[in-house]
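>>> model the structure of this input:
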Amino acid sequence: MASEQAVEALNNAKLAIKAQQKVQHLSQLHELLVKNDPALLDTFIVELVEFQVDKAASVRRQLLELLSAAVAARPTAAVLGASAACLAALAGDEQVQVARQAAIAAHGVLRAGFALRVGAPQGDAARDAAWAAVQQLQAAVCSLSSSAAAEVALRIAGIKLSEQAVLLYTSADAARAPAADGLAAAADGLIMQLSELLKEPGVQQQPGPVVVCGMKALGCVAMQRGQLMSKALPALLELANKAIFKSPVPGDGQSCIAASCGAALKDMLSRIMRSNSDASRPWQQQLEAALRGIGADAVADSALRHIERAAARARAAERASEKRKAAEQGGPDAKVPRSATPAVPDSSAGNTPARTPTPTPLQAQQQQQQQQQGGDVLSMLLPGGIARSADPTSDVQRVLEVLVAHQQQQAVETIISQISPELMAWENFAGEIVQFATEQLLLLLEPRKLLAARQEQQQQQASDAGGGTAADGQQQQQQQQQQVGEQPSSSPQVKTQQQDTEQQQQQQQDPEQQAGKQEAAGPEDQQQQEQQAAEPELDVEVAAQQCMLFMSLCARRPELMRVLLETYGKAGAAARAGMDRYAASLARAITADSPQLLPLIKQPPEDSTDLLLAMLQALTEASPPPQQLVAACVANFAASKDARLLAPVTPAMPKADVVRLLPQFVAQLSKPQLRLLYRRLATAAPGAAGNNVSNSVSNSQPHFKPTELLVALHQLRSSPALRLSTKQQTAALDVALHAPEVFPVAVVVQAIRRLETLSPLPQLFMRTVISALQISPKLTDTVLELLKRLISKQIWTNEKQWQGFLICCEKAAPASYPVLLQLPPNILEAALEKIAERHWRELLKYATSKECAVPVFQPVRDVLNLFLERLTNRQKARLAAAAAAAAAGGGGSGDKAAAGDKAAAAADKGAAAGAKAAGAAGGSKAATAGAKGKAAAAAGAQKQQAKATAAKATDAAGSTQQQQQQQQQQQQGGKASKAAVHEQPREQQQQQDNDGGGDEEFMLDFEDDE
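Residues are numbered from 1 along each chain as shown. So this is what the prediction gives:
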């Protein structure tokens, strides 16, 4: 089936005349060959590359996009060879955009070809030929870097590919490839080619971006491949030693290009020096001299200090390692550092740990400083750390303090890995840490108490650090902020103070205003305002930091998750956001069939579904869910009728059940959750093989094809158990149309064509067409063909679809004019009544021009002439009303405009009567003249009536002018401005009504139509 569709699409692409049609067919081939069945690429790749000679640049760009995806989806010898040859040819394309896209696509081809080369056996002719084509592509693109005639963008692309090729050819995998010596020689040649770009005197004539990119390429090669340091670094040192480019300094008078080159050279030399690798150490003196030579003395000094600190840390780590070894030997004079793992006591000595002597005051002070800085205290969480400690109680409290103090920097996965099962099995530690973490978690339910405790802790730390009182520490901190010019802190404590100040200001307001506000607000609103005033605002970062330790313990003790979920249901929005941040990490740390998790899913605590949903999405992201998890989610739905927890496990459910539950998903899931659901339903489940999934569910194929799913979303129906509103269905379709990773343009077109065959058309059919046209304007030709087919189905018989038809014509104008001219005369007249006036004249102009591609018969011309005459009469009537308003001095403009509209309407009736008379006479000249005479007479009569009405309005305006002047003296200037806004010309207001708003009303009409 897919092969036949691909053949049809390929033939259509070859037979298409317009470039846009070819692009659409190639996009369809992309969907069929790359996403649906990549195995077909070996068959069709030869015919696809033939489009490289197409004259249209858009077709060649679409071909490059297809080939890039094809190489990634199926990197076989046939696909790589044909794609590499095509890219090599397009790299020299006359269009810069095409050539640049080909150079960028060469990166993926080079990586795939290198992987194929490494795994190729000796004597494989097909793979050898493919690798030869890849090398030719690499040579063609890399040669652009040194070509003075090439564009800057192409030269940069060539430099970047040269860098990637050097790194590939000198990697560890290159040693296993056939002819590894040849790869090393090719890498040396590319390094020489890059070095030539930076040599005098040509470097000063090179474009600035090329020089900067060349410096970065050589610097990255030197840092990532130490064995190439002696080949890549000399070119950079030579630039610095000759002072061709200087480090930029404000006011040095350098040009922008020279300053950019100098900054790039300084950055690369500094990074190489600070890397402090074995390969860079012999070059440190030369690197320092080079930095000082370009005026970067401060950068050189900073790099030297960085190297010294790194050496000091290495020496300290070595001494600490020696101390630990001495402590493990258990010598009588061995000193056990508090942060190191204590010695293991002899089992014969009993389980009671021995007490160490009380430390001296100096040792206590050092231990306190180490505790404040974090130190290496987390090592006590390793197996046997605290369990065999000399002072377990003190060490437990110490570990808890360090964990809480460093939660913001420590990732939750790191904390989970640090808490060993042996440590959690020790009752003393487990009880202490669980109790402490639970207290920290429950503080989220009392934001005021939590923020007060954190503020007191910060003040205590400031006091301890400064050696003074807490108030002195706080004052010192404020003075430091003022000295450095910092803005007031946005911490939760400051927010609380600001809220208190705002509350005091509100209390000082007028009591009558407060009483009026309380009367306007209902009892529920007043209660909510009182709660908000009582509870301060909690920051999400604080909430995440507060719950991280408890969620880490849940990974070791899953029975604690019930407490977590109960707290989540009672917490506020900020606390929930903090827990949601680590929901995925907690889920990945436990198993999907955990005995403690399944009961919580069947009967979750109140208002905890959102947290469970986040955990389920993480559990089912990499592999399909086990059957026990699916059964738990089904039981939850049976009890609560809440389908949200079923969404992550849909790949393991029968398709019939998913189809039945689709309306519930649409009604209950949020937009991000719906988008994720579409991806699960229309793409293959990852890692399905080997998992305990239902036997009735396919392990490889998704439940829906993307086209099938999009059609199903249009056919949703309400049931007695669930009423699905049109607004909810519309929102679900909008999510689908804005998810190109699931529903690309080709899928949307296929779905529209399938929906077109249904009778009657789905209610939201034309809305989907309009949305697709707005999202992808390149679908204009496809939509116009659809509109032509809808004319043959008499689309005007359905009011909703007919309104959408006209909006499509307006959005696609003037390309849609041939479609409008194919309507029957009476239907065309009704259509012109609803579309904007600006299209009337343009439509007649198109119908009488040589560009008109459809036959226009006399009845259609009569309708167009009628509306042109109507437009002329309307404009004259509006001008007359405007002139009357100007003569009246601006007073009573609304009455004059209304009179002008009446005159315009009467003129329209006269024009219509004349047209009907002309039609009844069979189109004879006499009848036509009579119709024109009647129309002219009617128009003249209406003009006189309009003038008389305007004169009356002028008299009325004169009599009320004095009263208006008196009122204006008493009123403020703002009211006068409002009156001026309301008295804008009627012509502008009606033009705005005609130009916009109709399509928005149509799109929103479905949301109100329940």
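
>>> alpha carbons only for contacts and neighbour counts from here, please
Fine.

>>> what pLDDT, on average, does the helix or strand hosting Arg324 get?
Per DSSP states H and E, Arg324 falls inside helix 297-329. The pLDDT scores in helix 297-329 average 83.

>>> identify each buried residue in that helix, please.
For helix 297-329, a neighbour-count test (16 or more other CA atoms under 10 Å) marks Asp297, Val299, Ala300, Ala303, Leu304, His306, Ile307, Lys323, Arg324, Ala326, Ala327 as buried.

>>> can you pull out the helices in the stretch 251-400 of the chain?
256-275, 284-293, 297-329, 361-373, 392-405 (DSSP state H, counting those that start in this stretch).

>>> the shortest one packs against which elements?
If contacts are counted by 3 or more CA pairs under 8 Å, 6 or more residues apart in numbering; DSSP states H and E, helix 284-293 sits against helix 229-241, helix 256-275, helix 297-329.

>>> hmm, who's touching that helix?
Leu237, Ala240, Asn241, Ala243, Lys266, Leu269, Ser270, Met273, Asp297, Val299, Ala300 (CA atoms under 8 Å, 6 or more residues apart in numbering).

>>> farthest pair within the residues you listed?
Ala243 and Met273 (18.5 Å; CA to CA).

>>> which one's more surrounded, these two?
Per other CA atoms under 10 Å, whichever of Ala243 and Met273 has more neighbours is Met273, with 25 against 16.

>>> where does pLDDT dip in the stretch 551-700 of the chain?
684-700 (pLDDT under 70).

>>> circling back: distance to Asp124 added to the helices and strands packed on helix 284-293, as CSV?
As requested, these are exported to CSV (distance: least, CA to CA, whole Å):
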stretch, distance to Asp124
helix 229-241, 34
helix 256-275, 41
helix 297-329, 50
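
>>> nearest to Arg313 among the contacts of helix 284-293?
Lowest distance from Arg313 to the contacts of helix 284-293 (CA to CA) belongs to Met273, with 17.6 Å.

>>> I'd say Leu442 and Thr567 touch.
Yes: with contacts counted by CA atoms under 8 Å, Leu442 reaches Thr567, the gap being 6.9 Å.

>>> between these two, which is the more surrounded one?
Thr567 (23 against 19).

>>> which strand or helix spans that one?
helix 561-570.

>>> buried stuff in that helix?
For helix 561-570, the neighbour count (16+ other CA under 10 Å) marks Met561, Arg562, Leu564, Leu565, Thr567, Tyr568, Gly569, Lys570 as buried.

>>> now do Ala165 against Cys142, distance only.
Counting by CA to CA, to the nearest Å, the separation of Ala165 from Cys142 is 9 Å.

>>> of those two, who's got more company?
Counted by other CA under 10 Å, Ala165 and Cys142 do not tie: Cys142 has more neighbours, with 26 against 23.

>>> with adjacent residues omitted, what lies nearest to the more buried one?
Gly158 (4.3 Å; CA to CA, 6 or more residues apart in numbering).

>>> just the element for the one you found, please.
helix 152-169.

>>> can you check Ile770 too?
helix 765-775.

>>> pull out the buried residues from that helix.
Phe765, Met766, Arg767, Thr768, Val769, Ile770, Ser771, Ala772, Leu773.

>>> now the last one. Nearest residue, chain neighbours left out?
What that stands for is Leu773. Closest to Leu773 by CA to CA, 6+ apart is Leu779, at 6.0 Å.

>>> repeat that for the fourth one.
In space, Thr768 comes closest to Leu733 once its chain neighbours are excluded; the distance is 7.6 Å by CA to CA, 6+ apart.

>>> pLDDT value on Val336, please?
Val336 is assigned a predicted lDDT (pLDDT) of 41.

>>> cool, the one 10 residues further on as well?
pLDDT, Asp346: 36.

>>> likewise the one 3 residues further on?
For Ala349, the pLDDT comes out at 35.

>>> and if you look at Gly923?
For Gly923, the pLDDT comes out at 39.

>>> could you do Ala99 as well?
pLDDT for Ala99: 91.

>>> can you give me the buried ones in stretch 267-282?
Residues Asp267, Met268, Leu269, Ser270, Ile272, Met273, Arg274, Asn276, Ala279, Ser280 are the ones in stretch 267-282 that count as buried (16+ other CA under 10 Å).

>>> point out the least confident one among those.
Asn276 (81).

>>> what's near enough to touch that one?
Shown in contact with Asn276 (CA under 8 Å, 6+ apart): Ile307.

>>> next one: it from Leu167, what distance?
Distance from Asn276 to Leu167, by CA to CA: 20 Å.

>>> swap in Ile590?
Using CA to CA, Ile590 is found at 39 Å from Leu167.

>>> one more: Thr591?
Taking CA to CA, one finds Thr591 at 40 Å from Leu167.

>>> which one's more surrounded, those two?
Per other CA under 10 Å, whichever of Thr591 and Leu167 has more neighbours is Leu167, with 17 against 14.

>>> pLDDT score for that one?
On the pLDDT scale, Leu167 gets 91.

>>> from memory it sits against Arg225, does it?
Yes: between Leu167 and Arg225 a contact is recorded at 7.4 Å, counting by CA under 8 Å.

>>> quick one on the thing from earlier: how about JSON lines for the buried residues of helix 297-329, with distance to Val649 added?
Formatted as JSON lines, the buried residues of helix 297-329 follow (distance: CA to CA, whole Å):
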{"residue": "Asp297", "distance to Val649": "61"}
{"residue": "Val299", "distance to Val649": "55"}
{"residue": "Ala300", "distance to Val649": "57"}
{"residue": "Ala303", "distance to Val649": "53"}
{"residue": "Leu304", "distance to Val649": "56"}
{"residue": "His306", "distance to Val649": "51"}
{"residue": "Ile307", "distance to Val649": "53"}
{"residue": "Lys323", "distance to Val649": "53"}
{"residue": "Arg324", "distance to Val649": "50"}
{"residue": "Ala326", "distance to Val649": "54"}
{"residue": "Ala327", "distance to Val649": "52"}
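
>>> can you tell me which of the residues you listed is nearest Thr620?
Closest to Thr620, out of all of the buried residues of helix 297-329 and judged by CA to CA, is Arg324, at 43.3 Å.

>>> I'd like to know how many residues surround the residue nearest to Ala2 when sequence neighbours are not counted.
Nearest non-adjacent residue to Ala2, counting by CA to CA, 6+ apart: Leu32, 6.6 Å away. Residues near Leu32, counting by other CA under 10 Å, number 20.

>>> from Val434, how far off is the nearest residue to Lys449 once chain neighbours are set aside?
With CA to CA, 6+ apart as the criterion, Lys449 has its nearest non-adjacent residue at 7.1 Å, and that residue is Leu443. As judged by CA to CA, Leu443 and Val434 stand 14 Å apart.

>>> again, but for Leu645
Noted for Leu645: a distance of 29 Å to Val434, by CA to CA.

>>> what of Lys55?
Per CA to CA, Lys55 is found 71 Å from Val434.

>>> of the two, who's got more company?
When neighbours are counted by other CA under 10 Å, Val434 comes out ahead of the other of Lys55 and Val434, with 18 against 10.

>>> next, the angle from the helix holding Arg324 to helix 284-293.
Between helix 297-329 and helix 284-293, the angle comes out at 150 degrees (axes from the mean of the first three to the mean of the last three CA atoms, to 10 degrees).

>>> is it true that Thr780 touches Ser771?
No: Thr780 is not in contact with Ser771 according to CA under 8 Å; the separation is 11.9 Å.

>>> I'd say Leu844 and Leu864 touch.
Yes: between Leu844 and Leu864 there is a contact at 5.8 Å, judged by CA under 8 Å.

>>> these two: which is more packed in?
Neighbours per residue (other CA under 10 Å) separate Leu844 from Leu864, with Leu864 holding more: 23 against 19.
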